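Trainee: let me see the structure of the following:
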Amino acid sequence: MAMKKKAPTKKAAKKKASKPANKEEIVIDSTGAPNQQNAYVDPKGVKHPNKVYWQAVNVATPYQIVLDSPPNPFGVGNDGPFPTDTTTGTTATLKVDKNLPNTPAGNPWTYHIYGPNRQGKFTSLSGGGIIIDG
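Mentor: Coordinates of the predicted model:
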């Protein structure tokens, strides 16, 4: 009499933890203010995205994003200002330096948004903060 072989069984695959979106978008509204006060980014890209960029609603208006104090979270030599593109309204995508330590709570990396005034000079329109939260 022949013995029946047992069919191999499959083990259920483990679910991987979902990763955050690759980039954090900060929208600059029509008044020149950011749509959110804080943008949460993570240098390691685990809990939050490790890249950030600004997107202007009014693409015809040029804006500049200026970091308030060094050292900045985007690595050496990446101090800005970061201008918005006149056709797309976006700044360059900035990647957080993963070698930098996380900022302590209550001490965010801060920036200001500058826009043109009636004389065509750039003046501060709004401030915001980037918190590196690992």
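
Trainee: for Lys95, which non-adjacent residue is spatially closest?
Mentor: Nearest residue to Lys95, sequence neighbours excluded (Cβ to Cβ, 6 or more residues apart in numbering): Lys51, at 5.0 Å. Placement of C-beta: from N, CA and C, glycine included.

Trainee: the one you found reaches Val96, doesn't it?
Mentor: Yes: taking contacts as Cβ atoms under 8 Å, Lys51 lies within contact range of Val96: 7.1 Å.

Trainee: give me the element the residue positioned nearest the centre of the chain is part of.
Mentor: The central residue of the chain, meaning the one whose C-alpha is nearest the mean C-alpha position (Cα atoms, centre = their mean), is Val52 at 2.0 Å. Here Val52 sits within strand 51-56, counting by DSSP states H and E.

Trainee: for the lengthiest strand in the chain, buried residues please.
Mentor: Across the chain, the longest stretch assigned as strand under DSSP state E is strand 122-132. By 16 or more other Cβ atoms under 10 Å, the buried positions in strand 122-132 come out as Phe122, Leu125, Ser126, Gly128, Gly129, Ile130, Ile131, Ile132.

Trainee: about what we covered before: beta partners of the residue nearest to Lys95?
Mentor: For Lys51, the beta-bridge partners under DSSP bridges are Lys23, Lys95.

Trainee: list the contacts for the residue nearest to the centre of the chain?
Mentor: By Cβ atoms under 8 Å, 6 or more residues apart in numbering, the contact set of Val52 is Lys23, Glu24, Glu25, Ile26, Ala39, Val41, Thr93, Leu94, Val96, Ile130.
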